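>>> Provide a 3D model corresponding to the input given below.
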Amino acid sequence: MTGASVTFASLLLSGCKGIERPDEHQARSNLASVGQAYRPGAVGQRLDASAGLSNYLEFAMLTQPQVRAAFFDWAASVERITVERSLPDPKLTFQAYITDVLTSLMPGLAQDFPGPGKLKAAGKVASDESRTKYFAFETAALQASFDVKQAYYRLWFLDEKIRIQRGTLNLLGGLERIARAQNEVGKATLQDVYRAQIESNQVATDTANLEDSRRPLMAQFKGALGLTREQSDPPPPTRFDGTRLEMSGEQLLDTAFARNPRLKAMESDVRMAQDSIALARKAKIPDFSAGLQAEVYEPPFYWPQGSMSLPIWRDKIAAQIAAAQAGKRAAEARLSAEEIELTVEFAMKTYDYREVTRDLASLQNQLIPKARQSLELARSSYLGGQSDFFNLIDTERTLLNLQLQEVEARARREIILADLSLSIAGIAPEGAPVLR
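Numbers count the residues shown, from 1 in each chain. As a prediction, this is how the structure comes out:
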């Protein structure tokens, strides 16, 4: 009785610890490594507009709630590896025989033992799930970076549009003065002055609309940074940082298949489904239970106990295996679909990039310079009485539209590059809290 009491007390007070599996150790090491860089819940992170785009990206990945949620989902899945590979809790048993009085009192301890290999297989499935959750976290971090870049470029190029519109207003003011001077000497009608004023009013209205659009764009930028309504607006960017992507198309596609976190998550799903089949097949193996009871009134008399489950429901076991196999086929199909979608998305994005690059080169090297020359010629022709004011205004409008198209093309190219590098190729920004 004394020996059993000591053994029981030692187990109860000291507790036990299971054996950490290699994949569990690696998962915890990865979580600790990312946690040092990610610092969930860190305070004191500041935005510095002069530091450039990288500061905004780092801020967003640390504060964006979607990233934080994905991180803690991953952390929870790492802890589940320990839960799944561990033995069930031991059970304290108690048995007594009572007739007229208490004749026998037998406290004891029992332990359930899953069949051989079951805990290992369950731990492996949990480890696969943990890898899937990590790639979900990486996807969230890359998506947060893309959202910031997209809002950042739209906000920056909005200022470019406003600058062009204001320059056009100054140009139209000069054209109106020319029209008035021509009217005063009888070389033009007052209608030319009105046309210049109408055009100026239209451009002024467009400029006011652009300036007003800053508010929703700033709200989008603020939301991408993970700032709430109660928090103050972030400082607007003071310098432009473009996206560099120095890879050929073939290299970029190879990188996408090697690093894209959505693809990696689905590959982990396939491995998890495969390991789930192995776990389901172990349902045929019986589970065991062993225990020991000690007689209090007649020490040192012990009653050993043992039991074994009987996995006799073959249709149930077959259904478990079939369900796991179907899950694997579904995971493989999703992986194939994602690979196809990634290839198509890559082809479309690279075409969009080539198209916008050609358009931008044409606008910068040919169309806009020629439109400026055409405007100068139209101005000279109008002053010389060789053309009407309508032609001059039309030439000015053409130049304005081409300049705005050039800004749109620059913004579109930067957003496409950001999409290619982050969402498709899975290339994380410098300093991103992801595994390298």
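>>> pLDDT score assigned to the closest residue to Thr82 other than its chain neighbours?
Leaving out its chain neighbours, the residue that sits closest to Thr82 by C-beta to C-beta, 6 or more residues apart in numbering is Glu24, at 6.5 Å. No exception for glycine: its C-beta is placed from N, CA and C like everyone else's. In this model, Glu24 is scored at 93, pLDDT.
>>> okay, the host helix or strand of Glu24 in PDB with CA atoms only?
Assigned by DSSP states H and E, Glu24 belongs to helix 22-38. Taking C-alpha atoms only, helix 22-38 is exported to PDB below (Å, rounded to 0.1, in the frame of the first residue of the first chain):
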ATOM      1  CA  PRO A  22      11.000  15.600 -35.000                       C
ATOM      2  CA  ASP A  23       8.300  17.300 -37.100                       C
ATOM      3  CA  GLU A  24       6.800  18.800 -33.900                       C
ATOM      4  CA  HIS A  25      10.200  20.100 -32.900                       C
ATOM      5  CA  GLN A  26      10.600  21.700 -36.300                       C
ATOM      6  CA  ALA A  27       7.200  23.200 -36.200                       C
ATOM      7  CA  ARG A  28       7.900  24.800 -32.800                       C
ATOM      8  CA  SER A  29      11.300  26.100 -34.100                       C
ATOM      9  CA  ASN A  30       9.600  27.600 -37.100                       C
ATOM     10  CA  LEU A  31       7.000  29.300 -35.000                       C
ATOM     11  CA  ALA A  32       9.600  30.700 -32.600                       C
ATOM     12  CA  SER A  33      11.700  32.000 -35.600                       C
ATOM     13  CA  VAL A  34       8.700  33.700 -37.200                       C
ATOM     14  CA  GLY A  35       7.400  35.000 -33.900                       C
ATOM     15  CA  GLN A  36      10.700  36.900 -33.300                       C
ATOM     16  CA  ALA A  37      10.300  38.800 -36.600                       C
ATOM     17  CA  TYR A  38       6.500  39.100 -36.500                       C
END
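>>> name the element Gln95 belongs to?
Counting by DSSP H and E, Gln95 is found in strand 91-98.
>>> what's next to that strand, contact-wise?
102-112, 291, 293, 305 (C-beta atoms under 8 Å, 6 or more residues apart in numbering).
>>> how about 10 Å then?
Residues from elsewhere that reach strand 91-98, judged by C-beta atoms under 10 Å, 6 or more residues apart in numbering: 8, 12, 102-112, 289, 291-293, 295-297, 303, 305.
>>> how about the nearest residue to the residue positioned nearest the centre of the chain, chain neighbours excluded?
Closest residue to the average C-alpha location of the chain: Ala140 at 2.0 Å, with C-alpha atoms, centre = their mean. Counting by C-beta to C-beta, 6+ apart, Ala70 is the residue found nearest to Ala140 once chain neighbours are left out, at 3.9 Å.
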